[in-house]
Structures are given as C-alpha cells and as structure tokens.
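Novice: Need coordinates for the below:
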Amino acid sequence: MLRNIFLKSVRDSVKAISAIFILLFLTCLMVMFVVAELPMEEFQRIIDLLPKGVLTAFAGPAGIDLSTPEGVLNTDMFTVFLPLILIGSAIYYGYDSTAKEEESRTLDLVLSTGISRSNFLIQKLFALAAKSFLIICGLIISIIITGTIFDLNIALSNILAICIQLFLISTTLGFIASMIGTILGKSSHVFGISSGIAIISYFLYTLEPFLKDFENLKYLSLFYYYKGGDPLVQGFHSWHWSIFIVTDLIAFIVALYFWKKRDLNN
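Specialist: Next up is the predicted model:
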C-alpha cells in the first residue's frame, strides 16, 4: 500500500470525507426544508427592498433570489458555504501533497521504497482530484435525495453543471496550493497565498459591478469562471471550464518542475 501513494492518500482521507458527506447532507436537508415549508416569496419581497449594492456585495452580480429552489441553493450554498468547504479541503490536500510531507519528514521514507519524486507528486495530485470528486459526488447525491424528499423540482443537468464548476475551481486552487508548496515549502506560505488568491478572486467577482472602470478585472477571478455564467440556472457554460483545465495544467507542470529541483534536506 505504501508504494501506491494514490490509494493510500485517498484511504487516509476516508473519515474526513465521510464527515463532510454528513455535513453536506444535513445542510441540504435543512435548505430543502426551508424552500419547501417556508414562505420564501415573502422573504424575497423583503430582500428586494435592500439596496442593490448590499445584495451584490453579499451574493455577487446575480443577487439574491429566494423565489425558486435554484435561487435558494445559489444564495445559501453555492456562493459561500460550498466553495468554502470544497476549496478549503482542496487547499489542505494541496498542502498535504508537498509541504506537509517535507515538514513531517516522511517523504524521505517514502522515496526510499523506490518511488520517484515525479511519481509521488503525480499520484498525490491525482488523489487530490479524486478526493474533491468524491465530495462533489456526495453533494450531488445529497441534493437529489433531499430534493426528492421534499418533492422539489430541480433540473439535474443544472445541478451537475454547477457541481462540475465547483469541482474545477476547488481542484484548481488545490493544484495551486501544491505548486506553492513545491516552490516555497512552508505551510504558512501554502495556506496564506492559496487562501489569498481565493479571497481576492471572490471579491473581484462579487464587487465587479462597482468597478466599472476596471471591469476587465473580473476575468482574473476564478469565481467569475465558476459562477459567472450562472450554471445552476443557465446550465453548463461553453468555455468557462477550459480556464480551470489550462490553469491546472500550468500548476501541474510548474509543481513537477520545482519538485524535481527541490532540495529536500533544507
């Protein structure tokens, strides 16, 4: 098992992923109950009285829509809560793939079994993507089950679209975290820089309507490619996904390059 880094990494995260599954299911259950049982149209009328700037700063350019199940999911889950869970997990997995192995002094032991540096990192990054994918699968299943319990009609294709985008943005930031780990090697740098990129990206997206003179800055935001096309309502965007794929490939290549050069004794 030690030689199969991919399986070991996934296996070691089973308990954490199971806990996230439970959290996601209970959250979906609560949100679906609110949508089905509470007068959301009345809440929407109150929300509409708030200044548009406040709504945009909180929920992004799409604003807050509590009148439909998709709108509630967009507002309550896919804007802040789920990105926080998925991106946070992926950044940790990125740290775990490089900087943590160095800091815990376990990497030399693993490499002594004959596994090459490149093979080690590649398996770790594939494990990162696999763990994020498992969490996304749990989310999709939770939405389908809880939506069925409360007899809510939510387009499965649109759920798949936004969940794929969520998987892509979280995996991308996880790959970036791993890349930073191969370059700098310190956990504080990995978490600080990766989280900083995610936070700046979020605010570039949500505050874009207020930055008329700098409107093109939104194209630097990963959140724009995640939610800019409103996938939960409009479905899968024709090209936003490609930005994540390209960024993943760049981060993967850069991480592999610096990982091969890195002096693990320092």
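Novice: alpha carbons only for contacts and neighbour counts from here, please
Specialist: OK.
Novice: Tyr226 contacts Phe167, correct?
Specialist: No: here Tyr226 lies out of contact with Phe167, judged by C-alpha atoms under 8 Å, at a distance of 9.3 Å.
Novice: Identify the single longest helix in this structure, thanks.
Specialist: Counting residues, the longest helix found in the chain (DSSP state H) is helix 117-149.
Novice: in that one, what counts as buried?
Specialist: The neighbour-count check on helix 117-149 (16 or more other C-alpha atoms under 10 Å) flags 117, 120-140, 142-144, 146-147 as buried.
Novice: Next, Asp151: secondary structure please.
Specialist: Per DSSP: H, G, I helix; E, B strand; the rest coil, the secondary structure class of Asp151 is coil.
Novice: Let's see the pLDDT reported for it.
Specialist: Listed pLDDT for Asp151 reads 93.
Novice: for Met1, same thing?
Specialist: Met1 carries a pLDDT value of 45.
Novice: And Thr172, by the same measure?
Specialist: For Thr172, the pLDDT comes out at 98.
Novice: And Val54, by the same measure?
Specialist: Per-residue confidence (pLDDT) for Val54: 67.
Novice: what does Leu26 give?
Specialist: The model's pLDDT for Leu26 equals 98.
Novice: same deal with Leu264?
Specialist: At Leu264, pLDDT is 60.
Novice: go on, Ala59?
Specialist: pLDDT, Ala59: 68.
Novice: Now the spatially most central residue of the chain: closest residue in space, sequence neighbours ignored.
Specialist: Per C-alpha atoms, centre = their mean, the C-alpha nearest to the average position across the chain is that of Ser170, at 2.6 Å. Distances taken as C-alpha to C-alpha, 6 or more residues apart in numbering place Ile87 nearest to Ser170, at 4.4 Å, with adjacent residues excluded.
Novice: Enumerate the positions of the helix or strand containing the one you found that are buried.
Specialist: Ile87 belongs to helix 81-97 when elements are defined using DSSP states H and E. Residues of helix 81-97 classed as buried by neighbour count (16+ other C-alpha under 10 Å): 82-83, 86-97.
Novice: and what of stretch 224-240?
Specialist: For stretch 224-240, the neighbour count (16+ other C-alpha under 10 Å) marks 224-233, 235-237, 240 as buried.
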